[in-house]
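Colleague: requesting a structural model of the entry that follows:
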Amino acid sequence: MEDSSANPSSSSSRAVKIIPLQHPSPLARPPSSESLIGRWRSRFRAMSAIEWVELFLPCARWIRTYRVRDYLQVDLMAGITVGVMLVPQAMSYAKLAGLHPIYGLYSGLVPIFVYAIFGSSRQLAIGPVALVSLLVSNVLSEIVDSSDELYTELAILLAFMVGVLECLMGLLRLGWLIRFISHSVISGFTTASAIVIALSQAKYFLGYNIVRSSKILPLIKSIIEGASDFSWPPFVMGSVMLAILLSMKHLGKSRKNLRFLRAAGPLTAVVLGTTFVKIFHPSSISVVGEIPQGLPKFSIPKEFQHAQSLIPTAVLITGVAILESVGIAKALAAKNGYELDSNQELFGLGVANICGSFFSAYPTTGSFSRSAVNHESGAKTGLSGITMGIIMTCALLFLTPLFKEIPQSALAAIVISAVVGLVDYEEALFLWRVDKKDFLLWTLTSITTLLFGIEIGVLVGVGFSLAFVIHESANPHIAVLGRLPGTTVYRNTQQYPEAYTYNGIVVVRIDAPIYFANISYIKDRLREYELKVPGITMRGPEVERIYFVIIEMSPVTYIDSSAVQALKDLHQEYKSRGIQIAIANPNRDVHLSLSRSGLVDLIGKEWCFVRVHDAVQVCLRRVQSLNGLASNDFPDKTPNRQLSFLQNLWKQGGGNDPNMEPLLPQSQV
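Modeller: Numbering: from 1, shown residues only. Have a look, this model is predicted:
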């Protein structure tokens, strides 16, 4: 269509082609959920028998393509390496959870085999971990004493509940919910938890009991009050073991040829500590004691009457599993060149926990340190996990008599060396440099976790994280657009200071969906733009006020009924002051919503455009008509040195005022 609003008396008027916007029928309907269901149905029908097997048994994927010559040796070596690392760690983490060490060994047995079948990651090493162990200890110690048999039953019941939650989230594909927790919250939470875990192990170093708590102040107070009972032998042994562990970990990370030292550290500490105790029999150093020999027996979890009080902790542990396990698994999958479905991964973890609860396991999840060692050792498939399970089976069947003399301080040193890496002070420094808001979130989460406990810390961190999301959503970025010299491109005037706009016209881009939560903010900002925006070069007719507001809607992915009604009110408000709204480049769904609501008819279909440039062309000519001026009446107020090459070329070729750039020849529009 031709721009019929051009001033016919203007000597510089030229026909400018305005691309018509195709308006949808108001009776048209957006794509319904039935089409999505139909797509899923057709996808399932097209699946072959092998694909169905791989869906329910992800292990079939690597079994079907297993290359014995390339994979077998590295899988076995990786499995043996991590299995040797897992045995002492499992006993250490069980002690951290307030359980007998045997339950750590049980938790590193059945879940490993089950996950190797149902889990989709080929490098993730699951089993007991420090953070989950602390969560178990924190909640169960408030219900019953750790020496009571009920304590163990509740830990096993907790594994069952966590498994059910993980399976439900996997089946319902709810893994996306965890995306609302920012990385700064996770980092602050794990940092504070690592400090609490390390302090909780101090009793094995100091030789006297301290209070069991997930808050730092009671722990420090208890340590200070019991200082008179300090014992040197366990402190010296624990410190020596910790120094050995940290040294071996550092050497294993920094030198590739010594990589095996990282995995061998826990076993080395256990062997050295046990050897010392067997030779010298120090009475002041406590040892693990008798550990039952043999595999766990099948039993159904009990004490379901306490399930309601365990729900918050089960939810929290499930969240930790998603954050830790799925994050690690996805990273390892990307490094090893295969796809990983986070929802299927959640289901595999859930089945592992449910099956583990039938064999006396407490909640398990993926371990960052063991998974890293498994990957560095060259693990290619889930066979490495099966090898870990075989190592644990051998330990339970044949080696438990040797564990009797393991010093408690050696196990405590293993826990502390494992959690040292979780103290993420480098992340805090990074956030301070990059984003003060995220640094504040990290600090708040860390401090509240230390002072008020893990549950409160997580709630505060998640609450502030969601508050920031809501704030950003309710206060979206809105940009005033200007035209880049010599082009028909419109960009943010703050980002491109050379961009200019036209008197009487303001072009605004809304960089977010428009809905009930942010429409008030958007309306307020649009009213502000009726005034002259400072710092922007203005061209065109010298008019005293704004006549047109052009809304660039390409970034708007969604608009709801509340926002549509608010835009109607804004249109009426503008109309009373002689201002016209124009809309540019709405997407199909947004355009359909505007049409069905009657907003397009209210504004006028002639004020809906494909391009911002088209809208500016029409609005500028209307401003000229309203002002009673022709384009050659405007002097060139821009210094020649600021003109682009195309502007100067056009000016030298007999063109008129370069400030009237929107009136381009039809061949250039």
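Colleague: and the helices in the stretch 501-650 of the chain?
Modeller: Using DSSP state H, counting those that start in this stretch, the helices assigned to the stretch 501-650 of the chain run over residues 519-528, 561-576, 588-596, 599-603, 612-627, 645-652.
Colleague: what's the helix or strand for residue 360?
Modeller: Assigned by DSSP states H and E, residue 360 falls within no helix or strand.
Colleague: what residue is smack in the middle of this structure?
Modeller: residue 179 (4.2 Å; CA atoms, centre = their mean).
Colleague: distance check, that residue against residue 319.
Modeller: Counting by CB to CB, to the nearest Å, the gap from residue 179 to residue 319 is 12 Å. Backbone N, C-alpha and C define where each C-beta goes, glycine included.
Colleague: the nearest residue to residue 117 once chain neighbours are set aside: what's it in contact with?
Modeller: Spatially, and ignoring its direct neighbours in sequence, residue 117 is nearest to residue 59 (5.0 Å; CB to CB, 6 or more residues apart in numbering). By CB atoms under 8 Å, 6 or more residues apart in numbering, the contact set of residue 59 is 116, 117, 118, 119, 382.
Colleague: could you turn the buried ones of the residues you listed into a PyMOL selection?
Modeller: Listed next is the PyMOL selection for buried residues among the contacts of residue 59, using 16 or more other CB atoms under 10 Å:
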select buried, resi 116+117+118+119+382
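Colleague: returning to what we had before: A strand includes the residue nearest to the centre of the chain, no?
Modeller: No - per DSSP: H, G, I helix; E, B strand; the rest coil, residue 179 lies outside any strand segment and is helix.
Colleague: still on that earlier bit, nearest to residue 465 among the contacts of residue 59?
Modeller: residue 119 (28.2 Å; CB to CB).
Colleague: correct me if wrong: residue 488 contacts residue 613.
Modeller: Yes - if you go by CB atoms under 8 Å, residue 488 and residue 613 touch, sitting 4.2 Å apart.
Colleague: neighbour count: those two, which is higher?
Modeller: residue 613 (22 against 17; other CB atoms under 10 Å).
Colleague: my guess is the more buried one contacts residue 490, does it?
Modeller: Yes - Residue 613 is within contact range of residue 490, at 7.0 Å (criterion: CB under 8 Å).
Colleague: which residues do these two both contact?
Modeller: residue 483.
Colleague: list the contacts of residue 90.
Modeller: Applying CB under 8 Å, 6+ apart, the residues near residue 90 are 101, 104, 105, 107, 108, 127, 128, 392.
Colleague: try 6 Å
Modeller: Contacts for residue 90 (CB atoms under 6 Å, 6 or more residues apart in numbering) come out as 104, 105, 108, 128.
Colleague: name the nearest residue to the first one, sequence neighbours excluded.
Modeller: Going back to what we said before, that points to residue 104. Per CB to CB, 6+ apart, closest to residue 104 is residue 94, 2.9 Å.
Colleague: report how many residues lie close to that neighbour.
Modeller: For residue 94, using other CB under 10 Å, the count is 25.
Colleague: for the helix or strand where it lies, the distance to its chain's centre please.
Modeller: Per DSSP H and E, residue 94 falls inside helix 68-96. Relative to its parent chain, helix 68-96 has a centroid offset of 29 Å by CA atoms, centre = their mean, to the nearest Å.
Colleague: flag the shaky bits of the stretch 551-669 of the chain, pLDDT-wise.
Modeller: 627-669 (pLDDT under 70).
Colleague: and the pLDDT for the residue nearest to residue 278 when sequence neighbours are not counted?
Modeller: Nearest non-adjacent residue to residue 278, counting by CB to CB, 6+ apart: residue 405, 5.4 Å away. Note for residue 405: predicted pLDDT of 89.
Colleague: list the contacts of residue 405.
Modeller: Neighbours of residue 405 in contact, by CB under 6 Å, 6+ apart: 274, 277, 278, 287.
Colleague: from those residues, which land in helices?
Modeller: Among those, the members found in helices (DSSP state H) are 274, 277, 278.
Colleague: closest to residue 170 among those residues?
Modeller: residue 274 (40.9 Å).
Colleague: for the closest one, report the pLDDT, please.
Modeller: 92.
Colleague: could I get the full set of helices for the stretch 251-400 of the chain?
Modeller: With DSSP H, counting those that start in this stretch as the criterion, the stretch 251-400 of the chain has helices spanning 260-280, 307-321, 327-336, 342-357, 368-376, 383-394.
Colleague: and those helices, which is most packed in?
Modeller: Of all the helices of the stretch 251-400 of the chain, helix 342-357 carries the top mean neighbour count, a mean of 25, counting by mean count of other CB atoms under 10 Å.
Colleague: what's that one in contact with?
Modeller: 110-111, 114-115, 118-120, 156, 159-160, 162-163, 166-167, 169-170, 173, 175, 301, 321, 325-326, 329.
Colleague: got it, and stretch 186-203?
Modeller: 130-131, 134, 209-210, 214, 219, 223, 323, 412, 415-416, 419, 422-424, 427, 442, 445-446, 449-450, 457, 461.
Colleague: now swap in stretch 63-78 and tell me
Modeller: 374, 377, 378, 379, 380, 381, 383, 384, 387.
Colleague: nearest to residue 79, of these?
Modeller: Looking across the contacts of stretch 63-78 and measuring by CB to CB, the closest to residue 79 is residue 387, at 2.3 Å.
Colleague: hmm, back to that, reformat the helices of the stretch 501-650 of the chain as JSON lines; add distance to residue 247.
Modeller: Output for the helices of the stretch 501-650 of the chain, formatted as JSON lines (distance: least, CB to CB, whole Å):
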{"stretch": "helix 519-528", "distance to residue 247": "56"}
{"stretch": "helix 561-576", "distance to residue 247": "61"}
{"stretch": "helix 588-596", "distance to residue 247": "60"}
{"stretch": "helix 599-603", "distance to residue 247": "69"}
{"stretch": "helix 612-627", "distance to residue 247": "63"}
{"stretch": "helix 645-652", "distance to residue 247": "65"}
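Colleague: which residues in this protein form strands?
Modeller: Applying DSSP state E to the chain gives strands spanning 126-127, 365-366, 478-483, 490-492, 500-502, 505-510, 537-539, 548-552, 580-584, 608-609.
Colleague: okay, those strands, which one's buried deepest?
Modeller: Using mean count of other CB under 10 Å, strand 126-127 ranks as the most buried of those, with a mean of 30.
Colleague: on that earlier part again, next, find the distance separating the residue nearest to residue 117 from residue 119.
Modeller: Applying CB to CB to residue 59 and residue 119 gives a distance of 8 Å.
Colleague: also residue 523?
Modeller: Taking CB to CB, one finds residue 523 at 50 Å from residue 119.
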